[in-house]
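[1] the following block contains a protein sequence and its predicted model.
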Amino acid sequence: MKEMKRVASTPERMKKAMELTQKKQIDLSKETGLSHSTISRYLSGQVEPRQAAMMQLASALNVSEMWLWGYDVPMARPGSEKPATDTGSGLSEKKIAFMEEIMQMSDEDFDRLVQIRKLLETK
């Protein structure tokens, strides 16, 4: 299984997405319900967004959550048109969507998934 690597920081990706969508912090605050100060802390790198906040930000910026977290994946949200500036790794939309589902799993469900994967490898 190919290991995913972070190639950028969340603040770098947020700034790039904000530039491409021409959105300001106040726009993100209105669209996500996150406070202006929270978004400022994300942009400064003081705090890393949790899953729920990341999903809201990615939706407002129309980018993949995994891309926004800095991983080497396509910028485009699964099911949306690819931005002209997409420089992703070429992973399929189906794989990206699956990774995003995994990111939302509880630790217990994730552990079960790992056990299933190990069982499949032994066959």
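    Structure received.
[2] now do the same for W67: its pLDDT.
    Reading off the per-residue confidence, W67 sits at a pLDDT of 91.
[3] same check on K15?
    Predicted confidence (pLDDT) for K15: 94.
[4] run through the residues that contact it.
    Counting by CB atoms under 8 Å, 6 or more residues apart in numbering, K15 makes contact with L43. From N, CA and C alone the C-beta is placed, and that goes for glycine too.
[5] so how far is Q51 from it?
    Distance, K15 to Q51, using CB to CB, to the nearest Å: 21 Å.
[6] tell me what the lowest-mean-pLDDT helix or strand in the chain is packed against?
    Each helix and strand of the chain was given a mean pLDDT (mean pLDDT, DSSP states H and E); the minimum falls on helix 93-104 at a mean of 72. When contacts are defined as 3 or more CB pairs under 8 Å, 6 or more residues apart in numbering; DSSP states H and E, helix 93-104 sits against helix 51-61, helix 65-68.
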